[in-house]
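Asks: no sequence on hand, only this structure:
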């Protein structure tokens, strides 16, 4: 049976805050690259709580031994090791089943995700090169923005290393789903843990396409409310940046969403069939990368479930997103291939 992940499922998976007392079904090593940052630390905390993680390897250019020591005092089964500096990156990655990459600089007021490109593109390129060399079969979950470009960067790096498998490289767009579920639940007075809204396209601005017509449970809104909700979901990252007034971007909610997706990958590796939306190599539209609901399993992406039925408003959103996606994809590919 396929299971669609909800916030309640994640909370259940993370219930191992209490002492873990029953044997897990598998052992998995998860590496977090950028573990000392604003996303990396809470993400690592959430992963430490999962009974599916036996080894948690934390990497950053500074402070990871302290983060690892802190997390290692938590009475859950995952053994935590900190790695610091480029010379320790290979040891961090060896034997990893899942690699989560939140590394990079955060957005500040007035910055777009595209403004982050030059710095974060280089970071993702170098980290993916190390992963391709040291754990080529690991599932790669990329959080570093701009995801619309950094996922193509990862793919091109893996191609250059001769180990490319499009079914194992994912752009994490779960935060868009989490936000859509929350905002629509608030608008209808529902429990957010019971709402599920597919979000397709990409992970920036107009490329974020919530399929409110496919919400579960079914909801209905006036056209102007649909448009307002859609725009809020698309601009939610900016909403947080402005609210933090120069002190950061969406770190806690992104850590929650990143942990949700990483745990879904682990559940897939463990033999479950799980459905999550993510940004992957795709042929469902003219854009060569596109986020859709995916069936995850032992080989990563087992089946792309495609766009499915959409209404005219959503069709127009898709049409408007394609040129932006194509441009971002080309930018990422060119960054690697012109080096």
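Replies: In hand now; what should we look at? For clarity, every value in this text was computed on a predicted model and none was experimentally measured. Numbers count the residues shown, from 1 in each chain.
Asks: domain parsing for the protein?
Replies: 26-172, 174-249+275-331 (automatic domain parsing).
Asks: deepest of the ones you listed, which one?
Replies: Of all the domains of the chain, domain 26-172 has the most neighbours on average by mean count of other C-beta atoms under 10 Å, namely a mean of 21. (Each C-beta comes from the backbone N, C-alpha and C, glycine too.)
Asks: for that domain, measure first residue to last.
Replies: In domain 26-172, first residue to last residue: 23 Å (C-alpha to C-alpha, to the nearest Å).
Asks: on that earlier part again, would you turn the domains of the chain into TSV with distance to residue 338 and mean pLDDT?
Replies: Shown next, in TSV, are the domains of the chain (distance: least, C-beta to C-beta, whole Å; pLDDT from 0 to 100):
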stretch	distance to residue 338	mean pLDDT
domain 26-172	10	95
domain 174-249+275-331	11	97
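Asks: out of the ones you listed, flag the one nearest residue 265.
Replies: Closest to residue 265 of those is domain 26-172 (C-beta to C-beta; 4.8 Å).
Asks: all the strands of the protein, in order from the start?
Replies: 2-4, 29-33, 55-60, 79-84, 98-101, 139-142, 169-171, 199-201, 208-210, 273-281, 289-297, 300-304 (DSSP state E).
Asks: what ranges does the stretch 101-250 of the chain have for its helices?
Replies: Using DSSP state H, counting those that start in this stretch, the helices found in the stretch 101-250 of the chain span residues 117-134, 147-160, 174-188, 223-234, 236-243.
Asks: and residue 279, which of the ones you listed is closest to it?
Replies: helix 147-160 (5.6 Å).
Asks: packing partners for the closest one?
Replies: helix 117-134, strand 139-142, strand 169-171, strand 273-281, strand 289-297, helix 312-337 (3 or more C-beta pairs under 8 Å, 6 or more residues apart in numbering; DSSP states H and E).
Asks: nearest to residue 97, out of those?
Replies: Nearest of those (C-beta to C-beta): strand 139-142, 6.9 Å.
Asks: give me the contact list for the closest one.
Replies: 97-101, 124, 128, 131, 150-151, 154, 168-172, 258, 261-262, 265, 269, 300 (C-beta atoms under 8 Å, 6 or more residues apart in numbering).
Asks: could you list the paired strands of it along with their orientation?
Replies: strand 98-101 (parallel), strand 169-171 (parallel) (DSSP bridges).
Asks: a markdown table for those strands, including distance to residue 41?
Replies: Output for the strands paired with strand 139-142, formatted as a markdown table (distance: least, C-beta to C-beta, whole Å):
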| stretch | distance to residue 41 |
| --- | --- |
| strand 98-101 | 13 |
| strand 169-171 | 21 |
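Asks: tell me the centre residue of this structure?
Replies: Centrality entry for the chain: nearest residue to the mean C-alpha point is residue 172, 2.0 Å, by C-alpha atoms, centre = their mean.
Asks: OK, contacts around it?
Replies: Contact analysis of residue 172 by C-beta under 8 Å, 6+ apart lists 100, 141-143, 147, 203, 257-258, 261, 278-279.
Asks: and of the strands paired with strand 139-142, who's closest to residue 118?
Replies: strand 98-101 (17.0 Å).
Asks: what does that closest one contact?
Replies: So strand 98-101 is in contact with 28-34, 43, 47, 93, 124, 127-128, 131, 135, 138-144, 172, 258, 262, 265-266, 269, going by C-beta under 8 Å, 6+ apart.
Asks: same thing with stretch 111-124?
Replies: With C-beta under 8 Å, 6+ apart, stretch 111-124 has contacts from 34, 101, 103-105, 107, 142, 144-150, 153-154, 203-205, 237, 241, 328, 331-332, 335.
Asks: now tabulate the strands of the chain in a markdown table and tack on distance to residue 219.
Replies: Putting the strands of the chain into a markdown table (distance: least, C-beta to C-beta, whole Å) gives the following:
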| stretch | distance to residue 219 |
| --- | --- |
| strand 2-4 | 16 |
| strand 29-33 | 35 |
| strand 55-60 | 38 |
| strand 79-84 | 41 |
| strand 98-101 | 32 |
| strand 139-142 | 29 |
| strand 169-171 | 27 |
| strand 199-201 | 15 |
| strand 208-210 | 11 |
| strand 273-281 | 18 |
| strand 289-297 | 18 |
| strand 300-304 | 26 |
